[in-house]
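Participant: Using only what follows, build the 3D model:
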Amino acid sequence: MYDSDKRKILSALSHGAIFLSATLVSVGLPIAILFLSEDPVVKENAKESINFHFNVWLYGAIVTGLTWITFGLLLPLAGLWFLVHWGLTIWAIFSVVTDPDKPFRYPFIFRVF
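Facilitator: Residues are numbered from 1 along each chain as shown. Predicted structure coming up:
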């Protein structure tokens with residue numbers, strides 16, 4: 001059996017890595033956890049986190065491009081994306097801490113891994 005506290009910490013760290021940095025750290029930390037952990041739930045959470053962070057980058061680039069093209073008219077869309085992105089991350093962390101035996105799945109994202 002796997003350690004529940006370790007599972008909670010590593011899973012929450014995978015999802016919460018986006019709070020540390022919006023650059024390579026947000027993906028690098030879950031990748032490191034994916035390769036170093038032997039726990040299958042932690043591995044699934046790390047994969048889901050990596051997929052979510054790639055989605056954040058992609059949709060952030062799209063929203064930024066649309067904001068520039070429309071000369072700032074779609075700036076509220078950037079604010080909405082910011083709230084959705086942080087809200088989903090907080091939801092994921094809360095979910096893996098309250099139910100550590102089940103991997104979290106983000107809604108409405110495409111999965112590479």
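
Participant: Low-confidence ranges, this structure, go.
Facilitator: For the chain, no stretch has pLDDT under 70.

Participant: tell me which strands and helices the longest helix along the chain is in contact with?
Facilitator: Longest helix of the chain, by residue count under DSSP state H: helix 40-69. Packing partners of helix 40-69 (3 or more CB pairs under 8 Å, 6 or more residues apart in numbering; DSSP states H and E): helix 4-20, helix 24-36, helix 75-98. (Each C-beta comes from the backbone N, C-alpha and C, glycine too.)

Participant: Show me what counts as buried in that helix.
Facilitator: Neighbour counts using 16 or more other CB atoms under 10 Å place 41-56, 63, 67 of helix 40-69 among the buried residues.

Participant: Could you look up the SS state of the residue located most distally from the centre of the chain?
Facilitator: Distance to the chain centre peaks in the chain at F71, reaching 29.2 Å (criterion: CA atoms, centre = their mean). Of the three states, F71 takes coil according to DSSP: H, G, I helix; E, B strand; the rest coil.

Participant: Pull the contacting residues for it.
Facilitator: Listed by CB atoms under 8 Å, 6 or more residues apart in numbering, the contact set of F71 is empty.

Participant: any idea how far it is from F82?
Facilitator: According to CB to CB, to the nearest Å, F71 and F82 sit 20 Å apart.

Participant: what do you get for L10?
Facilitator: Distance of L10 to F82, given as CB to CB: 26 Å.

Participant: How many neighbouring residues does S26 have?
Facilitator: S26: 22 surrounding residues under other CB atoms under 10 Å.

Participant: What distance do you get for it to V63?
Facilitator: Going from S26 to V63 by CB to CB gives 17 Å.

Participant: now swap in I9 and tell me
Facilitator: According to CB to CB, I9 and V63 sit 32 Å apart.

Participant: from what I can see F110 touches Y59, true?
Facilitator: No. If you go by CB atoms under 8 Å, F110 and Y59 don't touch, sitting 10.3 Å apart.

Participant: on that earlier part again, L10 and F82: which is more packed in?
Facilitator: More crowded of L10 and F82, by other CB under 10 Å: L10, with 24 against 12.
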